[in-house]
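A.B. asks: Need a 3D model of the following:
(2 chains)
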Amino acid sequence: MSVSTADIKRINPLIPIRGKITKIVQETPDVKTFHVTTLDGQKPFIPLPGQLAMFSIPQVGEAMFSITSQGPHHLEMSIKEVGQLTRFLHEVEEGQECGIRGPYGNGFPIDYCKGKDLLFIGGGIGLAPVRSLINYCVENRKDFGKLTVVYGARSYADLVFKEDLFENWPKMENMEVFVTIDRPEEGWNGHVGFVPAYVEELNFSPMVTITCGPPIMIKFVLQSLAKMGFNDKDVITTLEMRMKCGIGKCGRCNIGSCYVCLDGPVFTLEQLKLLPPEY
Amino acid sequence: MKTIVKSRLAELLQTMAQDFRVLVPVKSETVSQFVPWQEGLTVNLEGNTVLPPKDIFFPQTEKMYKFKVKGSSVDIEEFAEDVQKQVIFGIRSCDMQSIDCLDKVFLTKGYEDTFYKTKRDKTLLVALACTKPQDTCFCESLGLNPLEASGADIQVYDLGDALGFVAKTPEGEELLAKYASLFTEVNAVPQKVEGFNLKAEVAGIPEKLAKMFDHPIWDEVSQKCLGCGACAYLCPTCHCFDISGNVKADQGYKFRCWDCCMFSEYTRMAGGHNPRPSKKERVRNRFMHKLYYFQERYGQLLCTGCGRCIAKCPVGMDITAIIEKIKEAEV
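C.D. replies: Numbers count the residues shown, from 1 in each chain, chains lettered A, B, ... in the order given. Reported below is the predicted structural model:
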């Protein structure tokens, strides 16, 4: 049997397939969501919630991003402008071609979450990876218990996924959404304050919790959850590291003997406590 | 034992080179390394090469795919790779062990690295027994047998005036049968290996390192390191790589190249956060990886005792001395 070039591209895990950015949504002043399909309008691959994609503009660079959502024919990645590649991405228009490969990583433990009440805690762009699981729970609503989202950002303008936060999710049955911003601002009638303090104020009973945000937020959220008696094996987070290959070969994303690209990015606090604190 | 007098080695290599790409250890004025055999080359049978043979499967830079940009369109195309069948002649036990490490990295744990595998699959390994360890060699301390390389298709012994060949795999048998007319059957006993100058006691080191992440030893050990990366480039097992690109006008290509965990950019993220911000964390990661993390992940150490890093470190860092320090550290 002869192997066509297309087949070779699929089987060499380091070579991206060609894709296209079909839609760009401005979420905040520095975050945009990119919808990506293959050139013939198909979903490049089917990721599990929490898995990652290597997304590239070949002439600029390639980097690993969490897949925040997916439709029947596309993947979505919400990307903050921070470096060379993301700066370029924030300039492109719909129709821009790109490279994409994946899915990478373990994803969230869906089976473990099934039938349970879930608490999602996000800060800033950290809601992007968590949202893939929230979406899954919303789409498979009867498989999960109560869903609670606590989310915060610096300001109203910096809140990502406003339509989900203020329209779609609060309307769902047995789902609550709590939003906070760091400082008071004109026109904002909601909660003001940092996410960890808000979590303590809401005083949840221990349950399975999925959290992601800036390292400093995660640090204090973990302290708050510990105070409230949350179990380490029920506290789940997703990590980020510099990555090049995505398949556990190039070396740089290790924490101890784990590779975040393969063995992560999703870890429970129980697992993290067994690893060196080097992330 | 099938033997050939050393003066006829060139004839054997020349004959093999008609069927294979044959790589041999050659010494030039500045360096010694494995290079493709050509008539007139002198094969260096004394000591190991300065550069490890890892680049045969894992080149220092390797083109991955090319692309063409036209407005917002980007075409991606693979490079056609024509990999010849090849024979590595004269590879030592330590470097054979390094191939075993690289195989574990590139061919296991869910993903096979296509670039590595295409070259590795087409390679026969003809190992050469070591009888005179160099001053910086300590493979024996790591459980290797300098006279018998594990994984070799053929083991070659230096018999003084001649070389003796013993096939270790069916592929090795086939290779020897192919050139049978060049060999003479002789009863010969391989020389014994001379004593090792350098030793390292690695028993219990991984278990001990598991408790030493926060140990003050890393402040001390990292102090004189310059972060130059020579150790990683010369290490036969160091496999970390970067992926980068070269763009000219509207086209370019992506390549991968050796990288080094001693460099600060290695782990620095676009947002500026760096999980290993200083030399201390980087040196700790290097030795933890070699002597503990790799063992935990793949069941063996990521050091083969070849001694290249000891021989070439500009400030005299010595992994055997570090192993000794770890052994003596209080935890």
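A.B. asks: which residues touch A:Met64?
C.D. replies: With contacts defined as CB atoms under 8 Å, 6 or more residues apart in numbering or on different chains, the neighbours of A:Met64 are A:Leu52, A:Ala53, A:Met54, A:Phe55, A:Tyr104, A:Glu240, A:Met243, A:Gly246, A:Cys261. (C-beta placed from N, C-alpha, C; glycine too.)
A.B. asks: so how far is the first residue of stretch B:259-271 from its last?
C.D. replies: Across stretch B:259-271, the terminal residues are separated by 21 Å (CA to CA, to the nearest Å).
A.B. asks: Now do the buried residues in that stretch.
C.D. replies: For stretch B:259-271, burial by neighbour count (16 or more other CB atoms under 10 Å in any protein chain shown) applies to B:Asp259, B:Cys260, B:Cys261, B:Met262, B:Phe263, B:Tyr266, B:Thr267, B:Arg268, B:Ala270.
A.B. asks: Now narrow these to whatever sits close to chain A.
C.D. replies: B:Asp259, B:Cys261, B:Tyr266, B:Thr267, B:Arg268, B:Ala270 (CB under 8 Å from any CB of the partner chain).
A.B. asks: Could you find the closest non-adjacent residue to the fourth one?
C.D. replies: In this case it means B:Thr267. When the adjacent residues along the chain are set aside, B:Thr267 lies closest to B:Arg276, with 4.9 Å between them (CB to CB, 6 or more residues apart in numbering or on different chains).
A.B. asks: Next, A:Ile134: phi, psi?
C.D. replies: Note on A:Ile134: backbone dihedrals following degrees, to the nearest 10 are phi -60, psi -50.
A.B. asks: next one: the one 3 residues further on
C.D. replies: A:Cys137 has phi and psi values of phi -70, psi -40 when expressed as degrees, to the nearest 10.
A.B. asks: give me every residue that touches the residue in the stretch 1-150 of chain A that chain B sits nearest to.
C.D. replies: Checking the stretch 1-150 of chain A residue by residue against chain B with CB to the nearest CB singles out A:Gly83 as nearest, at 3.0 Å. Under the criterion of CB under 8 Å, 6+ apart, the neighbours of A:Gly83 are A:Gly61, A:Ala63, B:Ala270, B:Gly271.
A.B. asks: now swap in B:Cys313 and tell me
C.D. replies: Applying CB under 8 Å, 6+ apart as the definition, the contact partners of B:Cys313 turn out to be B:Ala230, B:Cys231.
A.B. asks: mind checking how far the nearest residue to B:Ala17 once chain neighbours are set aside is from chain A?
C.D. replies: In this structure, B:Ala17 finds its nearest non-sequential neighbour in B:Trp37, 5.0 Å apart by CB to CB, 6+ apart. B:Trp37 sits 30 Å away from chain A when distances are taken as CB to the nearest CB, to the nearest Å.
A.B. asks: pretty sure B:Trp37 is in contact with B:Leu23, am I right?
C.D. replies: Yes: contact between B:Trp37 and B:Leu23 holds when scored by CB atoms under 8 Å: they sit 7.1 Å apart.
A.B. asks: Mind listing the shared neighbours of the two?
C.D. replies: B:Phe89.
A.B. asks: show me the contacts for the closest residue to A:Ile79 other than its chain neighbours.
C.D. replies: By the measure of CB to CB, 6+ apart, the closest residue to A:Ile79 outside its immediate chain neighbours is A:Thr86, 5.4 Å from it. For A:Thr86, the contacting residues are A:Ala63, A:Ile79, A:Lys80, B:Ala270, by CB under 8 Å, 6+ apart.
A.B. asks: Secondary structure class of A:Thr86, three-state.
C.D. replies: At A:Thr86 the chain is in helix, as set by DSSP: H, G, I helix; E, B strand; the rest coil.
A.B. asks: what do you get for A:Arg18?
C.D. replies: Applying three-state DSSP to A:Arg18 yields a three-state assignment of strand.
A.B. asks: so what's it bridging to?
C.D. replies: According to DSSP bridges, the residues that bridge with A:Arg18 are A:Gly99.
A.B. asks: sorry, back to before: which member of the contacts of A:Gly83 is positioned nearest B:Lys66?
C.D. replies: Nearest to B:Lys66 among those is A:Gly61, at 15.9 Å by CB to CB.
A.B. asks: Just give the closest residue to A:Gly95, not the sequence neighbours.
C.D. replies: Setting aside the residues directly before and after it, A:Gly95 is nearest to B:Ser72 in space (CB to CB, 6+ apart), at 5.3 Å.
A.B. asks: Kindly report the same for B:Cys228.
C.D. replies: Excluding the flanking residues, the one nearest B:Cys228 by CB to CB, 6+ apart is B:Pro314, at 6.4 Å.
A.B. asks: if I read this right, the one you found contacts B:Gly229, doesn't it?
C.D. replies: No: using CB under 8 Å, B:Pro314 makes no contact with B:Gly229, being 10.8 Å away.
A.B. asks: quick one, which of the two is more surrounded?
C.D. replies: Neighbours per residue (other CB atoms under 10 Å in any protein chain shown) separate B:Pro314 from B:Gly229, with B:Gly229 holding more: 17 against 11.
A.B. asks: With only the CA atoms kept, save stretch B:35-54 in CSV.
C.D. replies: Coordinates of each C-alpha in stretch B:35-54 appear next as CSV, following Å, rounded to 0.1, in the frame of the first residue of the first chain:
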residue,chain,number,x,y,z
VAL,B,35,32.0,10.4,9.5
PRO,B,36,31.0,8.5,6.3
TRP,B,37,33.7,6.2,5.1
GLN,B,38,35.7,7.2,2.1
GLU,B,39,38.7,5.7,0.6
GLY,B,40,41.9,7.1,2.2
LEU,B,41,40.4,7.8,5.6
THR,B,42,42.2,6.4,8.6
VAL,B,43,39.9,4.8,11.1
ASN,B,44,40.8,5.7,14.7
LEU,B,45,40.7,2.6,16.8
GLU,B,46,42.3,4.3,19.9
GLY,B,47,40.0,5.7,22.4
ASN,B,48,36.5,7.1,21.9
THR,B,49,35.5,10.0,19.6
VAL,B,50,35.3,13.5,21.1
LEU,B,51,31.9,14.0,19.6
PRO,B,52,29.2,11.4,20.4
PRO,B,53,27.5,9.5,17.5
LYS,B,54,24.0,10.7,18.5
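A.B. asks: Report the distance from it to the chain centre.
C.D. replies: Put simply, stretch B:35-54 sits 14 Å off its chain's centre (CA atoms, centre = their mean, to the nearest Å).
A.B. asks: Ok, stretch A:93-113 next?
C.D. replies: Relative to its parent chain, stretch A:93-113 has a centroid offset of 9 Å by CA atoms, centre = their mean.
A.B. asks: how many other residues sit next to residue 127?
C.D. replies: As the question left the chain open, I've gone with chain A. The criterion is other CB under 10 Å. On that basis, A:Leu127 has 27 neighbouring residues.
A.B. asks: To clarify, I was referring to chain B.
C.D. replies: 26.
A.B. asks: Counting by contacts, list what the helix or strand harbouring it packs against.
C.D. replies: Here B:Ala127 sits within strand B:123-128, counting by DSSP states H and E. Packed against strand B:123-128, as judged by 3 or more CB pairs under 8 Å, 6 or more residues apart in numbering or on different chains; DSSP states H and E, are the following elements: strand B:86-91, helix B:93-107, strand B:154-158, helix B:170-178.
A.B. asks: any idea how far the closest residue to chain A within the stretch 101-250 of chain B is from B:Leu291?
C.D. replies: Checking the stretch 101-250 of chain B residue by residue against chain A with CB to the nearest CB singles out B:Cys240 as nearest, at 3.3 Å. As for B:Cys240, its distance to B:Leu291 is 16 Å (criterion: CB to CB, to the nearest Å).
A.B. asks: ok, now A:Asn189?
C.D. replies: A:Asn189 sits 58 Å away from B:Leu291 when distances are taken as CB to CB.
A.B. asks: out of these two, which sits in the busier spot?
C.D. replies: Each of A:Asn189 and B:Leu291 has its neighbours counted (other CB under 10 Å); B:Leu291 has more, 22 against 5.
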